[in-house]
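**Q** Fold the stuff below for me.
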Amino acid sequence: MPNHRVTRLRELIAKSEGDALLVTHPINRRYLTGFTGSSGVVLITANHAALVTDFRYKEQAPKEAQGFQIVEHGSSLYATVSDLLKQWNVGELLIEEQDVTYANYRIIEKALSPVKLITSDGIVEKLRMLKDEDELAIMQEAADLADRAFEHILGYIKPGVTEKSIALELEVFMRSQGATSSSFDTIVASGERSALPHGVASDRVIGRDEFVKLDYGAYYNGYCSDITRTVVVGKPSDKHREIYEIVKEAQQFALDHLVPGMTGKEGDALTRDIITRYGYGEYFGHGTGHGLGMEIHESPRLSLTGDVVLAPGMTVTVEPGIYLPGFGGVRIEDDIVITENGIRILTKSPKHLIVLD
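**A** This next block holds a predicted model:
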């Protein structure tokens, strides 16, 4: 069966100045081949597709990277790559600019001489922006897992419990449900700390009459989910209710109006304009959302500088927030897929203001 990702990649290579592409980024390597090992590179030409790895994976690689020539290298990975390039008459080689450090560039350049290296900016990432049905099915499972975790954790949030203990319970639950790990360091930020957009869980003890912001995700079968919900423990004040409802309104407006053909900047404006109109624009300092997939932050982005045009198959978060120093903050986040006519929402946890006694 042909590898459609490789076919699409070859089309992009043909439009470039290079004869072949060397894939060194571990996520891109897995995306193209299905190989889950920790070491190796992928080499793609118009007629060849090879995974070069070491002795540890001589049995695993052929099972996972079906359709690829599996080449076992000896003490020098790039000596083996150099031999393949000579066999295949490659004179100009694309390398992944965003993955290769300057030091590694010098090593590769010396090892592969006289092949000319050409830097390529995100050639595989361009493919990864558009998810196929298999990817979307996995991402839905990851989102479902995150939703179950939210329902589970509501019974653990109460005064006297530390943020770290809640974060631990979330991770234990998600892994018990099949997740490999969390998508990122879980954010549990309570009270004044909820005004920290990325307030990773601390030793702070949760009190009464305050926000608790939860931002977490499940890393499942190679893909990430990412969800944020904010609850109140105790009695919410008028200010708690006010900023919560503003964020909820802004997020819902974006969910109702995001469509293919918009730029990321236009998508960002859907939430930002509402929050600004209520007078809280200066307290919303990050983008409305980011791409999501095999990595927790991918292209495209819903932000003030987002210039990518949204297209069916792209997956992004929608996560406006208001953060008031000394008081607390609210963020509400869902994972969505851009469709032919609008969006499909992957995360489905409730978004009314939940008050926990």
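**Q** what is the rounded mean pLDDT of stretch 300-320?
**A** Looking at stretch 300-320 alone, the average pLDDT works out to 98.
**Q** Pull out the C-alpha coordinates of that stretch and format them as PDB.
**A** Once side chains and other backbone atoms are set aside, the C-alpha atoms of stretch 300-320 remain, and they are given as PDB (Å, rounded to 0.1, in the frame of the first residue of the first chain):
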ATOM      1  CA  PRO A 300      -1.300  27.100  12.500                       C
ATOM      2  CA  ARG A 301      -1.800  29.600  15.300                       C
ATOM      3  CA  LEU A 302      -4.800  31.800  16.100                       C
ATOM      4  CA  SER A 303      -2.900  34.900  17.100                       C
ATOM      5  CA  LEU A 304      -2.200  38.500  16.200                       C
ATOM      6  CA  THR A 305       0.500  37.400  13.800                       C
ATOM      7  CA  GLY A 306      -1.300  34.300  12.500                       C
ATOM      8  CA  ASP A 307      -1.000  34.400   8.700                       C
ATOM      9  CA  VAL A 308      -1.800  30.800   7.800                       C
ATOM     10  CA  VAL A 309      -5.200  30.400   6.100                       C
ATOM     11  CA  LEU A 310      -7.400  27.900   8.000                       C
ATOM     12  CA  ALA A 311      -8.300  24.800   5.900                       C
ATOM     13  CA  PRO A 312     -10.300  21.600   6.500                       C
ATOM     14  CA  GLY A 313      -8.300  19.100   8.400                       C
ATOM     15  CA  MET A 314      -6.400  21.600  10.500                       C
ATOM     16  CA  THR A 315      -6.700  21.100  14.300                       C
ATOM     17  CA  VAL A 316      -6.400  24.100  16.700                       C
ATOM     18  CA  THR A 317      -7.200  25.000  20.200                       C
ATOM     19  CA  VAL A 318      -9.600  27.900  21.100                       C
ATOM     20  CA  GLU A 319      -8.600  29.300  24.500                       C
ATOM     21  CA  PRO A 320      -9.200  32.900  25.300                       C
END
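**Q** residues of that stretch that come out buried?
**A** 300-303, 306, 308, 310, 313-320 (16 or more other Cβ atoms under 10 Å). No exception for glycine: its C-beta is placed from N, CA and C like everyone else's.
**Q** Between all of the residues you listed, which two are at the greatest distance?
**A** Set against one another by Cβ to Cβ, the buried residues of stretch 300-320 have their most distant pair in Gly313 and Pro320, with a gap of 23.5 Å.
**Q** Give me the pLDDT value at Ile166.
**A** pLDDT, read off for Ile166, is 98.
**Q** if you skip the residues just before and after it, what's nearest to it?
**A** Taking Cβ to Cβ, 6 or more residues apart in numbering as the measure, Ile166 lies nearest to Val188, with 4.8 Å between them; neighbours along the chain are not counted.
**Q** and that neighbour, how many neighbours does it have?
**A** 29 (other Cβ atoms under 10 Å).
**Q** Roughly how far does it sit from Ala14?
**A** Taking Cβ to Cβ, to the nearest Å as the measure, Val188 and Ala14 are separated by 48 Å.
**Q** and if you look at Val52?
**A** In this structure, Val52 and Ala14 are 22 Å apart, going by Cβ to Cβ.
**Q** Show me which of these two is the more surrounded one.
**A** Taking other Cβ under 10 Å, Val52 and Ala14 do not tie; Val52 has more neighbours (23 against 10).
**Q** Would you verify that the more buried one is located in a helix?
**A** No. Going by DSSP: H, G, I helix; E, B strand; the rest coil, the assignment for Val52 is strand, not a helix.
**Q** Look up which residues are beta-bridged to it.
**A** On the basis of DSSP bridges, Val52 takes part in beta bridges with Val41, Val71.
**Q** got the contact list for it?
**A** 40-43, 71-73, 77, 80-81, 84 (Cβ atoms under 8 Å, 6 or more residues apart in numbering).
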